[in-house]
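In: Here is my input; please provide its structure:
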Amino acid sequence: MCFRERETFFPKAIINKYKIIIMNLRLSIILLFYAFLVSVNAQKNTISLNSGSKIISWKVKPQSELGANPTQIMSTSYNMSNWVSAVVPGTIFGSYVEAGLEEDPNFGDNAYKVDKSKYDQNFWYRAEFYTPEFSSEDILWLNFEGVNRKGDIYLNGNRLGTLDGFMHRGKFNITPFINKNEKNILAVLVSWVGLPVPNHASPTYISSASWDWMPYVPGLLSGITDDVYLTTSREISLIDPWIRSKVPSKDKALLELQLELKNNTTTEQTGILKGIIQPGNIEFTKEITIGAEQQKSFKLKAKDYKQFEIKSPKLWWPNGYGDPNLYTCNITYSVNGEVFDSKQITFGIREYSYEYVDEVFRIKINGEPVYIKGGNWGMSEYMLRCRGEEYDLKIKLHKEMNMNMIRNWIGSVTDEEFYDACDKYGIMVWDDFWLNSHKNLPDDVQAFNNNAIEKIKRLRNHPSIAVWCGENEGYPLPPLNNWLAENVKYFDGGDRHYQANSNSDGLSGSGPWGNYHPSWYFSKYPMAFGYKGRPGWGFRTEIGTAVFTTFDSFKKFMPQKD
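Out: Numbering: from 1, shown residues only. This next block holds a predicted model:
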């Protein structure tokens, strides 16, 4: 029944009221549909090439069994029947365990029975996949998020490049090399980490060569250790969009967007950068021209964009101090109305500050001092098998213990999902780089520094990161200490503190790691302990008691006879 037909049954005021309601409902649906389209557009151009996806199957085999010439494995007719199924992302040793070719190293003393020489060598990864549909106007990109320790990438016999260090991202234009109507052969030669590890092989998982709390991992966690995926874009690519926030008062916040545009063509391009921030329907646009084959950085500041001055912002707070509110920003770059590339980022509005009270380091957020309570994560799991949604539960448990910080010890957790969960549950991160107090530099300081820059650029949108730390229980040797400090200042805008040493400079040492009467931990000066710190507790990034798992858990990883 239309409104005109109803007028004989209902008063006109009621009809008009319902007209307004329906018009508002239509408008809401349109706005929701627009937001949905923006969200879908930001995500639709990503196709996973991890081992769990439907379009690819990864295999792995030692290089020593194939010879130095990789030509044979690039053929579409090559037989992989004697290769081992690979877990990507994951480690080579983990793939052999998953395939049942090694006993679970987390049971009994299996970890000490493995022939390490089988895995302490270079391996080939090989995969076959058919090309997903994409527009003839699109550029198809192959993306790697991390290979430990080094990876040479080949597609259909074409060498695309080398990834050097486990945080080094790769983004390769594979449009000229892709086979649209037949199988594609993707091959990666993974060079193992090599001995000695600390600090020679860094950037890598330093503790993989054994530590006082874990055994040696065969293969030293070599492998394709992070995500692999395809993306599409047009002639212009959006690179590393980053939203910074300042909180001059709890009633006002100032945002700044920084990003890079890359022109993949030989002609100048002019287009419209557009974004929408939620909640709040905060929209912004900017016309940007980018020269031929240029990659250039752009900034949008609150002084030029009044919508970046947020009234009554939903601030991000650590656990126990408020809600860890998050915002999303969908960004597109369009030329003549056609979207050339899109990104979606999640961020939190917050501002960290730091002070020293009686020579003790303290952290403040949004102007409030925070009493730090937390734990150290050595790594996600012995073979990096903790992935995806597993982090959500582990971080939630950390939250439910009323803690508010995790120290990412020597940067041993690299997964984006770890940081996503910390953002979600209000857990701040004390985030280390990959150095321990050995008196030697990494063998390749340039690769180390490049990976440090990559880490900062990849993770800086996460509100959970509170401190960047140079070295575990020592100072980075020259030139790295100055380089790391400058990296944080430039690539993170100095928004977070750079702490050179994990147990000095306002910190009170490390440890102890033993059992004492509970009252002992609450005494003002229980002992003059600390490598370089003063007596007392203060701010300490490592302290712990000896603990024992539950008996039911113990039975799961210990043989009955023991």
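In: okay, CA-based contacts and neighbour counts for the rest of this
Out: Will do.
In: Beta-bridge partners for Lys150, please?
Out: For Lys150, the beta-bridge assignment (DSSP bridges) gives partners Asp164, Ser191.
In: so how far is Trp83 from it?
Out: As judged by CA to CA, to the nearest Å, Lys150 and Trp83 stand 21 Å apart.
In: Which residue ranges of the chain form helices?
Out: Along the chain, counting by DSSP state H, helices occupy 3-6, 12-43, 92-98, 390-400, 416-425, 445-459, 480-491, 551-557.
In: count of neighbours near Ser437?
Out: The number of residues packed around Ser437, counting by other CA atoms under 10 Å, is 15.
In: out of Lys150 and Trp83, which sits in the busier spot?
Out: Here Lys150 and Trp83 are set side by side on neighbour count (other CA under 10 Å), and the busier one is Lys150, at 24 against 15.
In: Now do the same for that one: its pLDDT.
Out: Looking at Lys150, its pLDDT reads 97.
In: Let me see the contact set for the residue nearest in space to the middle of the chain.
Out: What sits nearest the mean C-alpha location of the chain, by CA atoms, centre = their mean, is Glu416, with 2.9 Å. When the contact criterion is CA atoms under 8 Å, 6 or more residues apart in numbering, the partners of Glu416 are Leu459.
In: Per-residue pLDDT of it, please?
Out: 96.
In: got it, and Val445?
Out: At Val445, the model reports a pLDDT of 98.
In: Could you count how many residues lie near it?
Out: If you count neighbours by other CA under 10 Å, Val445 ends up with 15.
In: per-residue pLDDT, the nearest residue to it once chain neighbours are set aside?
Out: Nearest non-adjacent residue to Val445, counting by CA to CA, 6 or more residues apart in numbering: Leu480, 7.5 Å away. pLDDT for Leu480: 98.
In: can you count the residues close to Leu480?
Out: Using other CA under 10 Å, Leu480 has 19 other residues around it.
In: show me the contacts for Leu238.
Out: Here Leu238 is in contact with 259-262, 333, 341-343 (criterion: CA under 8 Å, 6+ apart).
In: What pLDDT is listed against it?
Out: Per-residue confidence at Leu238 stands at 97 (pLDDT).
In: again with Gly514
Out: Predicted confidence (pLDDT) for Gly514: 82.
In: Quick check: it vs Ile543, distance?
Out: With the distance defined as CA to CA, Gly514 ends up 9 Å from Ile543.
In: More neighbours: these two, which one.
Out: For Gly514 against Ile543, the residue with the higher neighbour count under other CA under 10 Å is Ile543, and the figures read 14 against 10.
In: phi, psi of that one?
Out: Torsion angles at Ile543 (phi, psi; degrees, to the nearest 10) stand at phi -160, psi 140.
In: Next, work out how far apart the residue nearest to it when sequence neighbours are not counted and Glu473 are.
Out: Nearest residue to Ile543 in three dimensions, chain neighbours excluded: Gly511, at 4.2 Å (CA to CA, 6+ apart). With distances taken as CA to CA, Gly511 is found 11 Å from Glu473.
In: ok, these two, which is more surrounded?
Out: Neighbour comparison, Gly511 and Glu473: the larger count goes to Glu473, with 21 against 17 (by other CA under 10 Å).
In: Would you agree that one is in contact with Asn503?
Out: Yes: in this structure Glu473 lies within contact range of Asn503 using CA atoms under 8 Å: 5.5 Å.
In: Any idea how many residues pack against Val87?
Out: Neighbourhood size, Val87 [other CA under 10 Å]: 25.
In: From Arg385, how far off is it?
Out: Per CA to CA, Val87 is found 9 Å from Arg385.
In: Quickly list what's touching both of these two.
Out: Jointly contacting Val87 and Arg385 under the rule CA under 8 Å, 6+ apart are Gly94.
In: how far away is the residue nearest to Ile543 from Tyr490?
Out: Remark: distance between Gly511 and Tyr490 (CA to CA) = 33 Å.
In: count of neighbours near the residue nearest to Thr204 when sequence neighbours are not counted?
Out: Nearest non-adjacent residue to Thr204, counting by CA to CA, 6+ apart: Phe166, 6.0 Å away. Number of residues near Phe166 (other CA under 10 Å) recorded here: 27.
In: same question, Leu66
Out: The burial count assigned to Leu66 is 13, neighbours taken as other CA under 10 Å.
In: Which phi and psi values does it adopt?
Out: Here the main-chain torsion angles of Leu66 (degrees, to the nearest 10) amount to phi -120, psi -20.
In: That one: what's it in contact with?
Out: No contacts exist for Leu66 under CA under 8 Å, 6+ apart.
In: Against Leu160, how distant is it?
Out: In terms of CA to CA, Leu66 sits 21 Å off from Leu160.
In: Then Val360?
Out: Relative to Leu160, Val360 is positioned 50 Å away (criterion: CA to CA).
In: just Ile239 next, same as before
Out: Distance from Ile239 to Leu160, by CA to CA: 20 Å.
In: Repeat that for Phe548.
Out: Distance check for Phe548 against Leu160: by CA to CA, it reads 49 Å.
In: So between the two, which is more surrounded?
Out: Comparing Phe548 with Leu160 by neighbour count (other CA under 10 Å), the higher total belongs to Leu160, at 18 against 8.
In: you'd agree the more buried one is up against Asn143?
Out: No: Leu160 sits out of contact with Asn143 when judged by CA under 8 Å, with a separation of 11.2 Å.
In: any common contacting residues for the two?
Out: Taking CA under 8 Å, 6+ apart as the criterion, Leu160 and Asn143 both touch Phe172.
In: Wait, Leu300 touches Gln258, no?
Out: Yes: with contact defined as CA under 8 Å, Leu300 reaches Gln258; the gap is 6.4 Å.
In: which residues do the two both contact?
Out: Common neighbours of Leu300 and Gln258, using CA under 8 Å, 6+ apart, do not exist here.
In: where are the low-confidence patches of this protein?
Out: Per-residue confidence for the chain (pLDDT under 70) gives these ranges: 1-44, 68, 525-536.
In: could you redo the last one with a cut-off of 50?
Out: Using pLDDT under 50 as the threshold, the predicted model of the chain has low-confidence ranges 1-44, 530-533.
In: And the contacts of stretch 345-363?
Out: Defining contact as CA under 8 Å, 6+ apart, one finds that stretch 345-363 is touched by 241-247, 253, 313-317, 324-330, 364-367, 369-370, 423, 461-463, 466, 495-497, 505-508, 538-539.
In: If you could redo that for stretch 111-122, that was the one I meant.
Out: When contacts are taken as CA under 8 Å, 6+ apart, the neighbours of stretch 111-122 outside the stretch itself are 62-64, 92-93, 102, 104-105, 189-192, 194, 215-220.
In: Go again with 6 Å.
Out: Under the criterion CA atoms under 6 Å, 6 or more residues apart in numbering, residues 63, 105, 190-192, 218-219 lie in contact with stretch 111-122.
In: do the same with stretch 495-504
Out: The set of residues external to stretch 495-504 that reach it, using CA under 6 Å, 6+ apart, is 466-475, 509-510, 532-533.
In: how about a cut-off of 8 Å?
Out: When contacts are taken as CA under 8 Å, 6+ apart, the neighbours of stretch 495-504 outside the stretch itself are 351-354, 465-476, 481, 485, 488-489, 509-510, 530-533, 540-541.
In: Please check the residues you listed and keep the buried ones.
Out: The neighbour-count test (16 or more other CA atoms under 10 Å) applied to those identifies 351-354, 465-476, 481, 485, 488, 509-510, 530, 533, 540-541 as buried.
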